[in-house]
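Asker: Here you go, sequence then predicted model.
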Amino acid sequence: MVCVIQSWYVAVEFHVFLVCAPLALMFRSRPTLATRILIFAAVTSLLVPFILTAVLHLDPVLMPYISVLQDLSRDPTFLKVYIPSYMRMAPYFFGMICALAIRRANKRSLKLRKSVVIICHVCSFLMCLLVCYSSWIFFQPDIPRLHPLAAAAFTSFTRIGWSLAMMWQLFSAATGWIGRMMSWRPLTPFGRLTYGAFLTHAGIQLYDVSTLVTPQHVTIFYMITKNVSDYFFSNFLAMVLFLCIEGPVASLEKILTGSSSREKGSAAVGGPQNQQTFTFVAPSVVTTGKLVSEESQH
C-alpha cells in the first residue's frame with residue numbers, strides 16, 4: 001500500500017503530458033492532421049474503459065467497502081479501471097477539443113446570449129450532479145449486479161458527461177460574460193489550492209475514520225457537517241502546503257528562469273490597465289487567457 005493513496009495521480013499527469021504536449025505542438029505545423037488525431041484519441045479514450053469493463057466484468061465504480069479498502073492495492077477495479085493512465089485520458093483530450101473551440105470562437109468574436117449561458121450552466125450543473133450521485137444504485141443491496149455491458153456503458157457515460165460539463169464551464173468563461181465572474185480576484189486563491197486540497201483531504205478522512213471508537217448514526221445533518229469541515233480543513237492544509245512548498249518553489253523557479261523580469265518588462269510596455277489575465281481551473285483542465293477591458297476597446 002502506498003503511503004499517499006492518491007499519489008498515483010502524479011503518474012497520470014506525467015503520462016498525459018507526454019501524450020498531449022507533442023500533440024499540442026503539432027497544431028502549429030499540421031493543424032488538420034493534429035485535429036484528426038485528437039478526435040481519434042478522444043473516441044479511443046472512451047472506448048477503452050467500455051471494452052475493459054465489459055470484457056473483464058469489472059465494477060463500474062470503485063466500491064469503498066471495508067473488504068476493498070483493507071487491501072486496495074489488490075482490488076481489480078482499482079488496478080485496472082481507477083488508476084491506469086489510459087483510463088483517465090478522456091477529460092484531457094476533451095479539454096484540448098474545448099481549447100480549439102475557444103480559439104475558433106474568439107477568432108469569430110462569438111458572443112453568447114445570457115439566456116443561452118444560463119440554460120447551459122444549469123444543464124452543466126445537473127450533469128455534474130448526475131455523474132456524482134448516479135452511482136448510488138450500485139450500493140443498493142436489493143438490486144442485482146449489473147450486466148457487464150450496462151456497467152461498461154455507465155463507466156463511459158460518466159467520463160463523457162463530466163468532460164462535457166467541464167468543457168462548457170471553460171467555453172463560457174472564455175467567450176462570455178461569465179468569464180468576468182470567474183476572474184474575480186477573491187476566487188484566485190481557491191484555484192491555487194485545488195491540487196493541494198486533493199493531496200490533503202484523504203489524510204483527514206482516514207484520520208477521522210481511524211479514530212472512531214463508537215458506531216456513528218449517519219444523518220443528513222451529520223453528512224453536511226462532515227463535508228463542510230472536510231472542505232475547510234482540506235483547504236487550510238492546502239494553504240499551508242502552498243505557503244511552505246509550492247509558493248517558494250514557484251518563486252525560486254521564476255528567479256532561476258528570469259520569467260519575473262520578462263513579466264515586468266511586458267507590463268511596462270503594454271500596461272496593466274488595458275488587459276486582465278484570468279485563469280479558470282477545473283478538474284483535469286486548466287485554461288489561461290486574457291480579457292480585454294471596455295476602456296481598451298474604445
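Answerer: Arrived safely. Numbers count the residues shown, from 1 in each chain.
Asker: Can you list the low-confidence ranges for the stretch 51-200 of the chain?
Answerer: 176-177 (pLDDT under 70).
Asker: any chance you could map the helices in it?
Answerer: 66-70, 76-77, 90-107, 114-133, 148-175, 178-182, 188-210 (DSSP state H, counting those that start in this stretch).
Asker: from the ones you listed, which stretch is densest packed?
Answerer: For these, the largest average neighbour count (mean count of other CB atoms under 10 Å) is found in helix 148-175, namely a mean of 20. C-beta coordinates here come from the backbone N, C-alpha and C atoms, glycine included.
Asker: Check which helices and strands that helix sits against.
Answerer: Packing partners of helix 148-175 (3 or more CB pairs under 8 Å, 6 or more residues apart in numbering; DSSP states H and E): helix 31-55, helix 90-107, helix 114-133, helix 178-182, strand 275-282, strand 285-292.
Asker: Could you dump the ones you listed into TSV and include distance to S67?
Answerer: Shown next, in TSV, are those (distance: least, CB to CB, whole Å):
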stretch	distance to S67
helix 31-55	20
helix 90-107	29
helix 114-133	23
helix 178-182	42
strand 275-282	34
strand 285-292	34
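Asker: quick one: which of those is nearest E13?
Answerer: Evaluated with CB to CB, the helices and strands packed on helix 148-175 place helix 90-107 nearest to E13, the distance being 9.3 Å.
Asker: which residues are in contact with that closest one?
Answerer: By CB atoms under 8 Å, 6 or more residues apart in numbering, the residues outside helix 90-107 that reach it are 16, 19-20, 23-24, 27, 35, 38-39, 41-42, 45-46, 49, 159-160, 162-164, 166-167, 170-171, 174-175, 283-285, 287, 289.
Asker: One more pass at 6 Å, please.
Answerer: 16, 20, 38, 41-42, 45-46, 159, 163, 167, 170-171, 174-175, 284-285 (CB atoms under 6 Å, 6 or more residues apart in numbering).
Asker: can you tell me which residues contact S134?
Answerer: Applying CB under 6 Å, 6+ apart, no residues contact S134.
Asker: Find the nearest non-adjacent residue to V68, please.
Answerer: In this structure, V68 finds its nearest non-sequential neighbour in D75, 5.1 Å apart by CB to CB, 6 or more residues apart in numbering.
Asker: quick one: F78 from T175, how far?
Answerer: Noted for F78: a distance of 38 Å to T175, by CB to CB, to the nearest Å.
Asker: just P64 next, same as before
Answerer: Distance, P64 to T175, by CB to CB: 39 Å.
Asker: Give the buried residues for stretch 31-47.
Answerer: 34-35, 38, 41-42, 45-46 (16 or more other CB atoms under 10 Å).
Asker: Tell me which residues are up against it.
Answerer: By CB under 6 Å, 6+ apart, the surrounding residues in contact with stretch 31-47 are 26-27, 89-90, 93, 96, 156.
Asker: repeat that with 7 Å
Answerer: 23, 26-27, 89-90, 93-94, 96-97, 156, 159-160 (CB atoms under 7 Å, 6 or more residues apart in numbering).
Asker: Reformat those into CSV and put distance to L130 next to each item.
Answerer: Formatted as CSV, the contacts of stretch 31-47 follow (distance: CB to CB, whole Å):
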residue, distance to L130
L23, 30
M26, 35
F27, 33
M89, 22
A90, 17
F93, 21
F94, 17
M96, 24
I97, 21
S156, 14
R159, 13
I160, 11
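Asker: Show me which of the residues you listed is closest to T219.
Answerer: The closest of the contacts of stretch 31-47 to T219 turns out to be R159 (CB to CB; 32.5 Å).
Asker: what sits against that closest one?
Answerer: The contact partners of R159, by CB under 7 Å, 6+ apart, come to 46, 49, 90-91.
Asker: one more time with 10 Å, if that's ok
Answerer: 45-46, 49-50, 87-91, 94, 131 (CB atoms under 10 Å, 6 or more residues apart in numbering).
Asker: And the furthest pair within those?
Answerer: The span of those, defined through CB to CB, is set by M89 and V131 at 17.2 Å.
Asker: Look up how far A150 lies from I143.
Answerer: In this view, I143 and A150 are 12 Å apart by CB to CB.
Asker: ok so, going back, output the helices of the stretch 51-200 of the chain in TSV; the columns should cover distance to V228.
Answerer: Below are the helices of the stretch 51-200 of the chain laid out as TSV (distance: least, CB to CB, whole Å):
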stretch	distance to V228
helix 66-70	24
helix 76-77	30
helix 90-107	27
helix 114-133	17
helix 148-175	23
helix 178-182	23
helix 188-210	13
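Asker: Let me know which of those helices is the nearest to L56.
Answerer: Ranking the helices of the stretch 51-200 of the chain by proximity to L56 (CB to CB) places helix 76-77 first, at 7.2 Å.
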